[in-house]
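Asks: Sequence and predicted model, in that order:
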Amino acid sequence: MTQQTPVRPLGGAEGGALIDEDWEAMRFRVHRSAYRDPGVFRDEIAKIWGHTWLYLGHETEIPNAGDFKTRTLGGRPLIFCRDSAGEVKVFLNACTHRGTILCRHNEGNTKFFQCFYHAWAFSNSGDLAALPGDESYPDDPGFRESMRLRQVPRLQIHEGFVFIAFTPDVPDLLTHLGPAAHYMSLTAKIGQHGMQTLPGVQLYSVKGNWKLAVENAMDGYHFAPTHNTFVGYLRETGFAVTDDDQYAYDLGGGHGLLVLTGHNGRIGMVWEPRFGDEEKARTVAKRNEMAARLGPELAAEIADASRILFVFPNLLLFDLEALTIRQLEPVAPDRTDVRAWQFVETGEPESVRALRIKTMVSFVGPGGLATPDDIEAYEAVQRGIVATADSADPAHDWSDMSRGMANEKQGNQGRSIDEGAMRSFWRHWADRVGVATAVAGDPPADPGAPGPSTVFAAGSTATAGSAAPTTSGKE
Amino acid sequence: MSPTTSGAVLNVGTREVTRAQVEDFLYREAQLLDEWRLDEWFTMFEPDGRMEVPTTDWAGWDATTAGFFVCDDYDLIRARVKRLKSRKAHAENPHSRTHRMVSNVILLEAGAETVWISANFLIHRYRDGGAYTYVGRYEHVLKVDDDGLRFRVRRSIPVMESMDPGARLSFIL
């Protein structure tokens, strides 16, 4: 991996702060070393990826006993599997003997994982099942027990979304997710017979820092100029895109939410001409079905608005025309691996499934009509931010994210076309990494509501009794 | 496989399709794409033609059962061409330089009015000081007419394990 970034002491403001927030000048800046410095990257892997909940995958990726996928998170190779008893297990993908990668396939179904090096074999629930030449080892049941596959210290599942942590000292998953749990639940309720991921995973890498991918998703300001050609395409199909009356929310804990009403229709929920006449009739039926099953209020909350949810630090849920789950894996300061799954209604008719896949991939993914321009943008940032490194004037080596601060100061709800959701991400990031934030002036008394409304829906999360905020309508 | 003797000729209805004809078709396409003559390229599709790029974990799924990188119907191909001709297609402004090699052309099977063919491709792409290589195979369904061949299904199947850094598919694979 070539690393163009100069290795040098951090610049930053007085005292080494990488975030500079000034509520009198209405200025919010991020020091550009945050995107390029290997030391910052190492701290992120250790302090964020090593110490918080990470999105690993969805339960429906491994529906049957014995199914497995291998995947790397925070640089650690993992086996994500369902054991013979049907329980979801996540193991470090390394033989306990000498550390060899145990499973070298991307996916499959097995009762045993066998290391090719010395032929140690482990059951899919982690027991050491075969130890060739075991007469040469101590005659001690404790020895076999000590050689069980290493499980990740924490694993919890919310609505089928599987999260893990590499340290035991993390809060309960629902505490970590906070109000974000509710928005995950909304997507999980769409299908009458549940939701599932599809095979056909978009695997790709970008030449950019992972935080640029987060910023891009939480940044409605770029939509019109960056996606000019996609907006033009929608207009030609009979749908006028608007940025008006759309909002951004700080969900706390680094999580963020954009609620978008004017960017596109939604399969089965809000019809637009490119979906065709068959889908028009189905949308009416689908809305009725949802209202009967979930109540009109919750059905409307799910259906009426598109949402982009960011769950700190590595999950993006694009609930747009259709649904895409996107996972971020930082590889180097200037490289991020991305995995994206289509998330669909279980048991829906083939014609609807085809429409959903066509529509979604026409926008998202490295071959879509829109995502390549996003990728171009953050790769361009990564190339550009070295220009001001070690600049004669250190004040030049900052990126500005102050759009909408004056509004925020007045207590107005942040717009999706402002940079408030990026600011809340960065504040939480600085907290996690232990980077100083320089704050001048008085921030707004109330840093923002946790969600689009204060209406609480009881029992809206399946795996928890916690109440979560929900929208009562557009604010 | 169709019961032809040489593998170089298939009968489609009353017409004969030769491997040389298919090779000419694929070479011409490669040239049009490398020269960014996208309007001419678009005429190589029949109305209702479609274009697919499966993901790198593809195991034969069609676009009703799996995610894809690209699954364009005719209208979306047209929209893609229009977009790529625009200065506002930022991911391809400036355009990538591409250099395509097509080989291993095989006539697989004849239908009533189509021929199913496969070929290998190797595409070198240069952009922003970066060099990228795409390796894969084509599996196309071509409509056979008096005036030649047209794409009914144009499918590019990547062989790579994933899209490398910078290797996004903003051009035609």
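Replies: Arrived safely, thanks for sending.

Asks: you'd agree A:Ala392 is in a strand?
Replies: No: per DSSP: H, G, I helix; E, B strand; the rest coil, A:Ala392 lies outside any strand segment and is coil.

Asks: Could you count how many residues lie near it?
Replies: 6 (other C-beta atoms under 10 Å in any protein chain shown). For every residue, glycine as well, the C-beta is placed using N, CA and C.

Asks: So, low pLDDT: which residues of the chain?
Replies: No chain in the question, so chain A it is. Applying pLDDT under 70 to chain A flags residues A:1-15, A:446-475.

Asks: Switch to chain B, please.
Replies: Ranges of chain B meeting pLDDT under 70: B:1-6.

Asks: What about B:Ile117, how many residues nearby?
Replies: 23.

Asks: repeat for A:Phe80
Replies: For A:Phe80, the count of nearby residues is 26 (other C-beta under 10 Å).

Asks: which ones are touching the residue nearest the centre of chain B?
Replies: Nearest to the mean C-alpha position of chain B, by C-alpha atoms, centre = their mean, lies B:Arg154 at 4.7 Å. Residues in contact with B:Arg154 (C-beta atoms under 8 Å, 6 or more residues apart in numbering or on different chains) are B:45, B:49-52, B:138, B:140.

Asks: mind checking how far it is from chain A?
Replies: Between B:Arg154 and chain A the computed distance is 13 Å (C-beta to the nearest C-beta, to the nearest Å).

Asks: May I ask which helix or strand encompasses that residue?
Replies: Element membership for B:Arg154 (DSSP states H and E) is strand B:148-158.

Asks: List the buried residues of that strand.
Replies: Neighbour-count burial for strand B:148-158 flags B:149-158 (criterion: 16 or more other C-beta atoms under 10 Å in any protein chain shown).

Asks: Within its sheet, name the partner strands of that strand and how each one runs.
Replies: strand B:45-54 (parallel), strand B:130-145 (antiparallel) (DSSP bridges).

Asks: Ok, which of these comes nearest B:Val12?
Replies: Nearest to B:Val12 among these is strand B:130-145; the distance by C-beta to C-beta comes to 4.4 Å.

Asks: What residues of the closest one count as buried?
Replies: Buried-residue list, strand B:130-145, by 16+ other C-beta under 10 Å: B:132, B:134, B:136-144.

Asks: would you list the residues you listed in JSON lines and tack on distance to A:Val90?
Replies: Putting the buried residues of strand B:130-145 into JSON lines (distance: C-beta to C-beta, whole Å) gives the following:
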{"residue": "B:Tyr132", "distance to A:Val90": "33"}
{"residue": "B:Tyr134", "distance to A:Val90": "33"}
{"residue": "B:Gly136", "distance to A:Val90": "33"}
{"residue": "B:Arg137", "distance to A:Val90": "35"}
{"residue": "B:Tyr138", "distance to A:Val90": "39"}
{"residue": "B:Glu139", "distance to A:Val90": "36"}
{"residue": "B:His140", "distance to A:Val90": "41"}
{"residue": "B:Val141", "distance to A:Val90": "42"}
{"residue": "B:Leu142", "distance to A:Val90": "47"}
{"residue": "B:Lys143", "distance to A:Val90": "49"}
{"residue": "B:Val144", "distance to A:Val90": "52"}
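
Asks: ok, so of those residues, who is nearest chain A?
Replies: B:Tyr132 (10.8 Å; C-beta to the nearest C-beta).

Asks: tell me which residues form a beta bridge with the closest one?
Replies: With DSSP bridges as the criterion, B:Tyr132 is bridged to B:Arg125.

Asks: and what of B:Asn11?
Replies: B:Glu16.

Asks: May I ask you to confirm that it is in contact with B:Ala110?
Replies: Yes: with contacts counted by C-beta atoms under 8 Å, B:Asn11 reaches B:Ala110, the gap being 6.1 Å.

Asks: Those two: who's more crowded?
Replies: Remark: of B:Asn11 and B:Ala110, B:Ala110 carries more neighbours, 21 against 14, as counted by other C-beta under 10 Å.

Asks: For that one, give me its contacts.
Replies: Neighbouring residues of B:Ala110 by C-beta under 8 Å, 6+ apart: B:2, B:10-12, B:17, B:116.

Asks: Residues in contact with the helix or strand that A:Arg432 is a member of: which ones?
Replies: Counting by DSSP H and E, the element that carries A:Arg432 is helix A:420-433. Contacts to helix A:420-433, defined as C-beta under 8 Å, 6+ apart, come from residues A:18-19, A:21, A:28, A:30, A:40, A:43-44, A:47-48, A:51-52, A:211, A:214-215, A:218-219, A:248-250, A:253-254, A:256-258, A:310, A:312-313, A:401, A:404-405, A:408, A:414, A:435-437, A:447-448.

Asks: ok, now which ones touch residue 150?
Replies: In the absence of a named chain, this looks at chain A. A:Arg150 touches A:91-92, A:94, A:96, counting by C-beta under 8 Å, 6+ apart.

Asks: other chain: chain B
Replies: Here B:Arg150 is in contact with B:44-46, B:49, B:142-143 (C-beta under 8 Å, 6+ apart).

Asks: Same list (the residues you listed) but as a markdown table, adding distance to A:Ala354.
Replies: Output for the contacts of B:Arg150, formatted as a markdown table (distance: C-beta to C-beta, whole Å):
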| residue | distance to A:Ala354 |
| --- | --- |
| B:Met44 | 24 |
| B:Phe45 | 19 |
| B:Glu46 | 19 |
| B:Gly49 | 16 |
| B:Leu142 | 22 |
| B:Lys143 | 21 |
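
Asks: Out of the residues you listed, which is nearest to B:Leu33?
Replies: Among these, and counting by C-beta to C-beta, the member closest to B:Leu33 is B:Met44, at 10.0 Å.

Asks: My read is that B:Thr114 contacts B:Leu149, right?
Replies: No: under the criterion of C-beta under 8 Å, B:Thr114 makes no contact with B:Leu149, lying 9.5 Å away.

Asks: Pull up the overlap in contacts between those two.
Replies: B:142-143.

Asks: Sketch out the helices for chain B, chain order is fine.
Replies: Counting by DSSP state H, chain B has these helices, from start to end: B:19-34, B:38-42, B:74-84.

Asks: could you check whether the first one is close to chain A?
Replies: No: residues of helix B:19-34 contacting chain A under C-beta under 8 Å from any C-beta of the partner chain: none, with a closest distance of 14.9 Å.

Asks: tally of neighbours for residue 171?
Replies: You didn't pick a chain, so chain A it is. Neighbour number of A:Pro171 under other C-beta under 10 Å is 14.

Asks: Correction: the question concerned chain B.
Replies: Neighbour tally, B:Phe171, other C-beta under 10 Å: 21.

Asks: same thing with A:His31?
Replies: 23.

Asks: and what of the one 3 residues further on?
Replies: The burial metric for A:Ala34, expressed as a neighbour count using other C-beta under 10 Å, is 25.

Asks: Check for me that it belongs to a helix.
Replies: Yes: when three-state DSSP is applied, A:Ala34 is found to be in a helix.

Asks: isn't it right next to A:Val40, touching?
Replies: Yes: counting by C-beta under 8 Å, A:Ala34 touches A:Val40, with 5.7 Å between them.

Asks: shared neighbours of those two, anything?
Replies: In contact with both A:Ala34 and A:Val40: A:18, A:435, using C-beta under 8 Å, 6+ apart.

Asks: ranges for the helices of the stretch 51-200 of chain A?
Replies: Per DSSP state H, counting those that start in this stretch, the stretch 51-200 of chain A carries helices over the ranges A:141-146, A:173-177, A:180-188.

Asks: so of those helices, which one's packed in deepest?
Replies: Mean neighbour count, computed with mean count of other C-beta atoms under 10 Å in any protein chain shown, is highest for helix A:180-188 among the helices of the stretch 51-200 of chain A, reaching a mean of 24.

Asks: Check which helices and strands that one is in contact with.
Replies: strand A:154-158, strand A:255-260, helix A:296-304, strand A:306-311, strand A:315-319, strand A:468-470 (3 or more C-beta pairs under 8 Å, 6 or more residues apart in numbering or on different chains; DSSP states H and E).

Asks: Just list what the first one packs against, helices and strands only.
Replies: Translated: strand A:154-158. strand A:88-92, strand A:161-165, helix A:173-177, helix A:180-188.
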